[in-house]
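Visitor: Got a sequence here, can you build the structure:
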Amino acid sequence: MIIAVDGPTASGKGTIAKALAAHFGLPHLDTGLLYRAVGRQVFLDGGNPDDAGDALAACTFPEGLLLDPELRSEAVGGFASRVSVHHSVREALFERQRAFATQPGGAVLDGRDIGTVIAPDADVKLYITASLQARAERRWREMHARGDQRSLEEITADLRRRDERDRTRAEAPLRQAEDAIVLDTSGMTIEEATAAALAAVKAASHANRP
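Guide: Down below sits the predicted model:
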């Protein structure tokens, strides 16, 4: 079974995808982490994330970089959003993601174009969303817990810019697949959102059975 989980930053899609993978015993890939690694490598190389050549060169990042805790930082998230607009970068990472999705037994992938580009043939597609305010408050709490003292206003503005980039880029923009199940987590706890997603996947997979 292939489960595609898409949605904007801080919607809860990563947490939900991990929970689904654990429940169904499937491997999980956070595809956004690949773009974060490219963005981080551009920075380490002293390159420009807005330059397609610099971004493509960074696609050969070492596997160990995926374990770098710095990938979860807001700065690297911004770099990831910027390198992801380049066709050459998306093309370089496409096969890697597609191979993961189509491995024997299935997989769970989360990102922004899983149900529309990477795995349009996924058995179940979820689109996880939440209001900008709810997402900004979640990210603010996460960052403060890590010692980052940026204000809620700064984080809200950053998320708004990233949403705009992700939704308007020419290459594989963030959008809901036509057959995706939409789950708005704005007023939900992590536990409630995970339970709702699990119920949706079970119902969809049961309905899809011949």
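
Visitor: going forward, measure contacts between C-alpha atoms and count neighbours the same way
Guide: Noted.

Visitor: so where do the helices sit in the protein?
Guide: 13-24, 31-45, 52-57, 74-83, 87-101, 132-145, 152-168, 190-207 (DSSP state H).

Visitor: Dump those to a markdown table, plus mean pLDDT and mean neighbour count.
Guide: Written out in a markdown table, the entries for those read as follows (pLDDT from 0 to 100; neighbours: other C-alpha atoms under 10 Å):
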| stretch | mean pLDDT | mean neighbour count |
| --- | --- | --- |
| helix 13-24 | 96 | 19 |
| helix 31-45 | 96 | 23 |
| helix 52-57 | 97 | 20 |
| helix 74-83 | 91 | 21 |
| helix 87-101 | 93 | 16 |
| helix 132-145 | 93 | 17 |
| helix 152-168 | 92 | 16 |
| helix 190-207 | 92 | 15 |
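
Visitor: Minimum distance to G64: which of these has it?
Guide: Taking C-alpha to C-alpha as the measure, the helices of the chain were each checked against G64, and helix 31-45 came out nearest at 9.8 Å.

Visitor: Skipping its backbone neighbours, what lies nearest the residue nearest to the spatial centre of the chain in space?
Guide: Centroid check for the chain by C-alpha atoms, centre = their mean gives G111 as the closest residue, at 2.8 Å. Once flanking residues are discounted, G111 sits nearest to D6: 5.0 Å by C-alpha to C-alpha, 6 or more residues apart in numbering.
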